[in-house]
Each structure stands twice: as C-alpha cells, then as structure tokens.
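A.B. asks: I'll drop the sequence and a predicted model, then ask my questions.
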Amino acid sequence: MTERLPATTDWGGPAHESWDAREPLSERELEVLRYVAGGWSNREIARALALTDHTIKWHLKNIYAKLGVNGRVCAVLAVREQAQRAATATGS
C-alpha cells in the first residue's frame, strides 16, 4: 500500500489567504493529508497509522476546518496551491 503515498511535500504553509489567521496543520494532520492525496481511504490510512477510522475522520474534520474547505479534494488542492505559490515566491 505505501507505494501510493506521495513523496514528502512541504505542506506547512497556508492553503489560501484566509488560512493565514488560522491554526497551522499539525504534523499528524499533514501526515493524514499526504495519505489522502495519495488516494488512500480512511480505513487504509487508519491501518497504516495504527489508528481507528473514527480518529482519521476526526483529523479530517480538523483539517477541513483549518483550511476552510469542505472535502478531501478541496483540502489537497488548497495545500498544493499554497505550496506552488510558495515555490513561485521563492523562485524554486
């Protein structure tokens, strides 16, 4: 299963302008979001991280609230967009 996990991505920055004032994602939330970006189901993520399905849902709820989005795809796109903007701003 781990072959679907994307390479480490710098997702520590804000996803969009309104995220600046919000709490940053925790390391665990970033880890869950990396699995989500890789197409993993909640159950697969839970097994990989030795957590319950309920805990994954709880992390996702917190991720969505922090990013100001309402779903998996929006969360991944918001963070990728921010990472791309940050790379462009630093000339990477």
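C.D. replies: Arrived safely.
A.B. asks: And the helices in the protein, which stretches?
C.D. replies: Assigned by DSSP state H, the helices in the chain fall at 27-37, 42-49, 53-67, 72-90.
A.B. asks: most packed of those helices?
C.D. replies: Of these, the one with the most neighbours on average (mean count of other C-beta atoms under 10 Å) is helix 27-37, at a mean of 19. From N, CA and C alone the C-beta is placed, and that goes for glycine too.
A.B. asks: got the helices of the chain as a markdown table, with mean pLDDT columns?
C.D. replies: Listed next are those as a markdown table, based on pLDDT from 0 to 100:
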| stretch | mean pLDDT |
| --- | --- |
| helix 27-37 | 97 |
| helix 42-49 | 98 |
| helix 53-67 | 97 |
| helix 72-90 | 90 |
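A.B. asks: Report the distance from stretch 47-62 to the chain centre.
C.D. replies: On the basis of C-alpha atoms, centre = their mean, to the nearest Å, stretch 47-62 sits 13 Å off its chain's mean C-alpha point.
A.B. asks: er, stretch 43-57 actually
C.D. replies: Relative to the centre of its chain, stretch 43-57 is centred 15 Å away, using C-alpha atoms, centre = their mean.
A.B. asks: how near is the residue nearest to the spatial centre of the chain to Tyr64?
C.D. replies: With distances taken as C-alpha atoms, centre = their mean, Leu33 lies nearest the centre of the chain, 2.9 Å away. Leu33 is 10 Å from Tyr64, where distance means C-beta to C-beta, to the nearest Å.
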